[in-house]
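1. sequence and predicted structure, then a few things I'm wondering about:
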Amino acid sequence: MDSGESILIKADNLTASDPIVDLHIADTRLANRDVCHEYSQCLLDAVLSSASGGRRSSPPPAASVLPADPEGIVQLARDAGDHSLLVVRANAIAHHFSLEVVCAPSPPPPPSAATSAAAEQQGPEAQQRRRRVYARLLQADIRLIVTSGMRDVQKGFTPKDWLSSSGSAWMNEKQLLNFLTKLQRLRVLVTALSEGDLKDCAESLGYTSLAAQRAWAAAVTAPARLKRDGLTLQPGQLDNCASYREEMVRSGYPAHMVVYGGVTSGAPQQLLDFPLDAGEAILRAYLDLFSSDVTAALFVRAVEFRRSDAAWSCVAVGVPPPLPSRESGGAAAAAGDAAVPGM
């Protein structure tokens with residue numbers, strides 16, 4: 001795709017306005033920002049600014065720990081309004097992303113004596129709370145040129161690329177809960193590894209306390225050190241795990257995944273190693289969720305944020321309705337629920 005002049009593709013089931021896409025169209029820097037945590041923060045700022053007419057002066061809402069229960073995560077989004085943005089700061093996996101969540105009125109059930117009686121028992125407020133939930137994933141992945149075999153391959157994507165792809169398709173509530181269940185499984189896998197093999201690796205390097213291990217990991221991923229030394233994961237891609245395992249077994253070595261530092265500066269040092277089966281499960285789960293490959297930074301961040309409330313946190317805010325355009329006058333505002341998926 002070009003550098004930011006193309007019009008983003010709207011989701012097929014948004015039949016009227018799309019305020020999140022409109023924010024990306026209005027700001028090409030937002031649409032082309034490929035560092036995930038920078039993009040998530042800029043998107044949050046853009047939503048908050050649009051809610052106050054571009055004159056936001058109050059601080060952003062405080063982050064809370066991301067619930068483990070998928071239903072609890074959906075409820076957080078519901079509490080922020082019928083159209084909300086849930087920003088997830090998954091520091092333990094070195095990835096920030098957002099879920100745009102829309103709650104639309106459910107269609108009335110077919111009339112019958114049973115449904116009429118149930119409606120009378122529930123009352124109008126309970127009926128009003130019944131909503132269909134839709135969501136889409138919003139994210140970025142830093143663009144890199146990776147050598148694969150005899151050719152260079154571009155990895156990563158901008159928000160603009162993502163919104164123009166099938167990856168940003170709207171999920172219904174069942175699909176959303178499935179996504180969040182998979183996210184919780186990844187969370188469990190990473191937590192177990194950080195409390196086991198990764199902790200042991202840090203201790204073997206002389207960092208015996210939790211505070212010392214966190215400080216060491218933070219230093220390893222500091223921008224200046226990353227630029228100087230780099231981080232390398234071996235094997236670095238899910239597709240290479242099977243052949244790597246065969247090679248290790250054939251050579252008489254345990255099948256372990258390894259994180260190296262210092263390869264870029266010519267002074268490689270093994271930092272972390274752990275069973276390949278555990279690493280492969282994380283690579284597979286991450287790829288399934290985010291359509292991108294894990295980097296070595298994930299495993300170092302898992303050490304840095306072990307037992308930290310900031311390991312998995314989130315912020316939920318309401319998304320304001322779009323302003324009526326000159327051409328449509330008040331039509332967009334009058335459309336109301338026509339702007340939400342499936343209506």
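-> Thanks, I have the structure now.
2. just the strands in this protein please.
-> With strands called from DSSP state E, the chain shows them at 64-65, 83-90, 95-105, 131-138, 141-148, 151-157, 171-172, 231-234, 256-261, 269-275, 313-318.
3. taking strand 95-105 as reference, get the angle to the last one.
-> Taking axes from the mean of the first three to the mean of the last three CA atoms, to 10 degrees, one finds that strand 313-318 is oriented at 40 degrees with respect to strand 95-105.
4. so how far is Ala202 from Phe274?
-> Using CB to CB, to the nearest Å, Phe274 is found at 12 Å from Ala202. Just so you know, the C-beta spots here come from the backbone N, C-alpha and C atoms, and that holds for glycine as well.
5. right, I mislabeled it, should have said Val319
-> Distance, Val319 to Ala202, by CB to CB: 41 Å.
6. okay, and the beta partners of the residue nearest the centre of the chain?
-> Nearest to the geometric centre of the chain sits Phe97, at 2.9 Å (CA atoms, centre = their mean). Applying DSSP bridges to Phe97 gives these bridge partners: Val88.
7. verify the stated contact: it with Ala135.
-> No. Judged on CB atoms under 8 Å, Phe97 makes no contact with Ala135 at a distance of 11.6 Å.
8. so how far is the longest helix anywhere in the chain off the chain centroid?
-> Ranked by residue count and defined by DSSP state H, the top helix of the chain is helix 173-195. How far helix 173-195 lies from its chain's middle: 12 Å, per CA atoms, centre = their mean, to the nearest Å.
9. just how off-centre is stretch 162-170 within its chain?
-> Worked out by CA atoms, centre = their mean, stretch 162-170 lies 13 Å from the chain centre.
10. pull out the buried positions in it.
-> Going by neighbour count (16 or more other CB atoms under 10 Å), the buried part of stretch 162-170 is 162-164, 167-168, 170.
11. swap in stretch 221-241?
-> Neighbour counts using 16+ other CB under 10 Å place 221, 225-226, 229, 231-236, 238, 241 of stretch 221-241 among the buried residues.
12. how much space separates the closest residue to Leu177 other than its chain neighbours from Leu44?
-> Take Leu177 and drop its neighbours on the chain: the residue closest to it by CB to CB, 6 or more residues apart in numbering is Pro70, 4.9 Å away. Using CB to CB, Pro70 is found at 22 Å from Leu44.
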